[in-house]
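Visitor: Fold the stuff below for me.
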Amino acid sequence: MQTKGIKRIKWYHWGLILALLLFSVWLVGHDDFLYSQPIVQIKRVTNGHTSKVSDEFNNQDTQRTQILTGQITNGVQQGKKVTIENTYSQSRALDQRYHVGQKVFVVLHTKPKLKATIKESKRDQVIWLLVCLAVITLLVTLGGSGINAIVSMGINTLLFFLALQLNKQTDGGQVLPIFVSLAVIFAVITLGLVIGINRQMVITLLAVVGATALAVILSEIVIALTGAHGVYYESMEYVTQPPKPLFLAEVIIGVLGAAMDVATDIIASLVALKQERPELSKRALFNSGRQIGQAIMGPLINVLFFIFMAETLPMTLIYLCNGNTWAYSFSMNMSLGMLSSLISAIGIVLTVLLASTLASWGIKAPNRKEQSKWER
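Guide: Coordinates of the predicted model:
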């Protein structure tokens, strides 16, 4: 009877969480009054003329015109209807096609009559829906640990925005100290919430911070010895502060995430192995850690490579379509991504060695009193 009661409460809680998340998605879809910028909901779409266009490099595209009729949903003009003309291309490189029901941010023109120009789509409901799906997935798959992961992500996101504000206040002059400190705080908070405050967390933290620092230091030595030949910091777009410290800050955060992933897997596995086989020597634990690292570092390095390079692919294709050479397109779009991938790969390899070494020396065979500490 008691077990059934617990199950009923559990499902009741799941239903309540799901209902709250769905209600929050609905609220975000009706939050237009919170915005000072005018919002228009599209009520009708009329397709206009179609034309073929080409450029000096013979790139072909098709442009289409839409006449959008919508209603203003916030501000002093709320409730009024406006007509908007939108031109979009088949490639959708710099524009987009709009549909009935979409909401868009606009600039209103009141003279000679009320008109509007689209700035961008209102995407907050879609983004919040994805956040809710991620929360549900974490809770379903990880249970209580998922709550800790969600809390750590929330805290880290808040700290990241605070770091951006601090960087803005210092005009970018302290970007490296700010994000180095932020990386250490990220590691402490994430590992503390996910693993708990214990010896395993300390070992993992030392491995993560140590591997990240060594990877960045080694990369800086190599870049200095080669005179930064082939490293095009100027290819960073929209940068209004010194690009090199900003790039290093980006690399530190990226290496930290990869190192944390590897170190957590290796050390957690070695802790469990030591609990099951207390007689294992330090050498055996080190070799086991290396074997685990060899199994996971290959796929992880490739995943990071794909992430770094995929974000540069669209701009690289545009460069190639505009008559630029492969070498120039790569150097201006992919060189920094490739460099970040290589530094992250170095960090992953160093993490395997550091995590295996620190775990082999730091993990003790737990007695009965310590058993509960490890299990926590």
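Visitor: Within its sheet, name the partner strands of the longest strand along the chain and how each one runs.
Guide: Secondary structure assigned by DSSP state E gives strand 39-54 as the longest strand of the chain. Strand pairing for strand 39-54, using DSSP bridges, gives strand 60-72 (antiparallel), strand 103-109 (antiparallel).
Visitor: give me the low-pLDDT residue ranges for the stretch 251-376 of the chain?
Guide: For the stretch 251-376 of the chain, the stretches flagged by pLDDT under 70 are 365-376.
Visitor: would you list every one of the helices in the stretch 101-250 of the chain?
Guide: Ranges of helices in the stretch 101-250 of the chain, per DSSP state H, counting those that start in this stretch, are 124-142, 144-169, 175-194, 199-225, 243-276.
Visitor: what angle separates the helix or strand just after the last one from helix 243-276?
Guide: Yep, that's helix 243-276 we're talking about. Downstream of helix 243-276, the first helix or strand assigned by DSSP states H and E is helix 282-310. On the basis of axes from the mean of the first three to the mean of the last three C-alpha atoms, to 10 degrees, helix 282-310 is oriented at 140 degrees to helix 243-276.
Visitor: which helices and strands does helix 282-310 pack with?
Guide: helix 243-276, helix 335-362 (3 or more C-beta pairs under 8 Å, 6 or more residues apart in numbering; DSSP states H and E). Using the backbone N, CA and C atoms, a C-beta is placed for each residue, glycine as well.
Visitor: Redo these as CSV? Include mean neighbour count and distance to Lys115.
Guide: CSV is the format used below for the helices and strands packed on helix 282-310 (neighbours: other C-beta atoms under 10 Å; distance: least, C-beta to C-beta, whole Å):
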stretch, mean neighbour count, distance to Lys115
helix 243-276, 21, 40
helix 335-362, 22, 42
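Visitor: Pull out the buried positions in the longest strand of the chain.
Guide: If you call a residue buried by 16 or more other C-beta atoms under 10 Å, then strand 39-54 has these buried ones: 39-40, 42, 45.
Visitor: Which one of those is nearest to Val202?
Guide: Ile39 (50.0 Å; C-beta to C-beta).
Visitor: List the beta-bridge partners for that closest one.
Guide: Assigned bridge partners for Ile39, using DSSP bridges, are Phe105.
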